[in-house]
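**Q** Let me see the structure of the following:
(one chain, ligands or ions: 2)
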Amino acid sequence: MRLMPRDSFNRLIDYLRISVIDRCNMRCVYCMPLNGIRFLPNPDLLTAQEIEMVVRAAVRVGFHKFRLTGGEPTLRSDLVEIVQRVTSVDGVHGLAMTTNAMLLENLAQPLKQAGLTRINVHLDSLNPETVEKQMRWGSFARVWQGILAAEAAGLTPVKLNAVVTAGYNESEVVDLARLTLERDWHVRFIELMPLGGGECATLSVKRYVSNIETRRRIEAGLGPLNELPTENLADESRNYRLSGARGVVGFISPVSEPYCGTCNRMRLTADGKFHLCLLNDDELDVRRALRSGSSRALEEVSAILERAVTMKPTGHHLLEGRSTRDRSMYQIGG
Ligand code: SAM
Ligand code: SF4
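**A** Ligands and ions are numbered 1, 2, ... in the order given. Next up, the predicted model:
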């Protein structure tokens, strides 16, 4: 019988997003400042073995959906081992990863062989100059090669995520959506959220573009978007198709259309905390239990995760200007 981990709002929480690192090879304007970042020292990061132990515990508790994220997960030199370990756990049927794809050209095939099922690639624009301006250290050519390598390796369906940012890429959303006419990709537009209270949070408030506006731009350029039936109630993306298109256009609208009521997520940070809600600071430490040397570590980690599920809050306060202050997006994983 499948276990159903429910929080105190009766939401089924069965999706664990695992951040494996806080470092990144990009510096997206709304996510990572250019200066003043203090990354986690390597000994603070959970090891591949420890990540596997958390996944074992999560399966015991009733989780069945898993994703790797970061920072940039491909910067972990042992990423292939992490994928192998996670996907070899009984009860894990598939593993996805969120990445900027800069290093995927060489990694796509080994990751697929290790058991990775599919990827979400973050790409804000098809214009190389905009990519350099908005994603700073990012290179359009390398990301594009990475996406094609992932598709060739069978990490499909390819899903692209673009964060719409006023003064950067908001007029380029039409070109991104146009990709779906020829390709069976999902192109999803994400609303900016302020996290961490620093300069990126300030920019995220100032440069916010509602998905109502983004949708209007796409329809003005490419014709009506036809809503698709919801296959999975916990999917944060509202999905549409342009007439005759092969792919899907999605809108992830945490600000203009919050989806807290159907949230099914728990997050594990790279330094081993269960982060209970993206837009809140509450956390429970799990690293101490993992490193205690106890023969009952698996039971202890399971108990901490059960408590984390029970304590999960609901309802964000973005419109009142409140969000997480202790961590930025790159320290949680999105
Ligand atoms: N580096 C990988 C990437 O960019 O896909 C994984 C980590 S990144 C933190 C995960 C997601 O967070 C990305 O899709 C990115 O678009 C999104 N993101 C980062 N900062 C954001 C912000 N301030 N508001 C909304 N989404 C954000
Ligand atoms: Fe790096 Fe992803 Fe943050 Fe961009 S959004 S800086 S790629 S972690």
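**Q** Give me the pLDDT for the most centrally placed residue in the chain.
**A** Among the residues of the chain, the one closest to the centroid is residue 334, at 4.2 Å (C-alpha atoms, centre = their mean). Here, the pLDDT recorded for residue 334 equals 91.
**Q** Cross-check the contact I'm expecting between it and residue 98.
**A** Yes - contact criterion C-beta atoms under 8 Å: residue 334 and residue 98 qualify, at 6.2 Å. C-beta: built from backbone N, CA, C; applies to glycine.
**Q** overlap in contacts of these two?
**A** residue 69 (C-beta atoms under 8 Å, 6 or more residues apart in numbering).
**Q** so what's the residue nearest to the centre of the chain up against?
**A** 17, 69, 98, 278.
**Q** quick one: the spatially closest residue to the last one that is not a sequence neighbour and residue 164, what's the gap?
**A** It stands for residue 278. Once flanking residues are discounted, residue 278 sits nearest to residue 332: 6.1 Å by C-beta to C-beta, 6 or more residues apart in numbering. Using C-beta to C-beta, to the nearest Å, residue 332 is found at 20 Å from residue 164.
**Q** Dump the C-alpha coordinates for the helix or strand hosting residue 289 into CSV.
**A** For residue 289, the element it lies in under DSSP states H and E is helix 287-290. Taking C-alpha atoms only, helix 287-290 is exported to CSV below (Å, rounded to 0.1, in the frame of the first residue of the first chain):
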residue,chain,number,x,y,z
ARG,A,287,22.8,16.5,8.4
ARG,A,288,23.4,15.9,12.0
ALA,A,289,21.4,12.8,11.9
LEU,A,290,23.1,11.6,8.7
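**Q** list the helices and strands that helix packs on?
**A** helix 48-61, helix 297-311 (3 or more C-beta pairs under 8 Å, 6 or more residues apart in numbering; DSSP states H and E).
**Q** Tell me which residues of it come out buried.
**A** Using 16 or more other C-beta atoms under 10 Å as the test for burial, helix 287-290 gives 287, 289, 290.
**Q** Also stretch 71-79?
**A** Neighbour counts over stretch 71-79 (16+ other C-beta under 10 Å) mark 71, 72, 73, 74, 75, 76, 79 as buried.
**Q** quick one: which of these is nearest to residue 103?
**A** Relative to residue 103, the closest of those is residue 74; by C-beta to C-beta it sits at 4.1 Å.
**Q** For the spatially closest residue to the closest one that is not a sequence neighbour, give its distance to residue 111.
**A** Once flanking residues are discounted, residue 74 sits nearest to residue 103: 4.1 Å by C-beta to C-beta, 6+ apart. When distance is defined by C-beta to C-beta, residue 103 is 10 Å away from residue 111.
**Q** Compare these two (neighbour count), which wins?
**A** residue 111 (27 against 18; other C-beta atoms under 10 Å).
**Q** In terms of helices and strands, where is the more buried one?
**A** helix 104-114.
**Q** The helix or strand of the chain with the lowest mean pLDDT: which residues count as buried?
**A** Within the chain, judged by mean pLDDT, DSSP states H and E, the helix or strand with the poorest mean is helix 199-206; its value is a mean of 93. Within helix 199-206, the residues scored as buried using 16+ other C-beta under 10 Å are 199, 200, 201, 203, 204.
**Q** which strands and helices sit next to the helix or strand where residue 189 lies?
**A** Under the criterion of DSSP H and E, residue 189 resides in strand 186-190. Strand 186-190 is packed against strand 159-163, helix 173-182, strand 237-242, strand 248-252, with contacts defined by 3+ C-beta pairs under 8 Å, 6+ apart.
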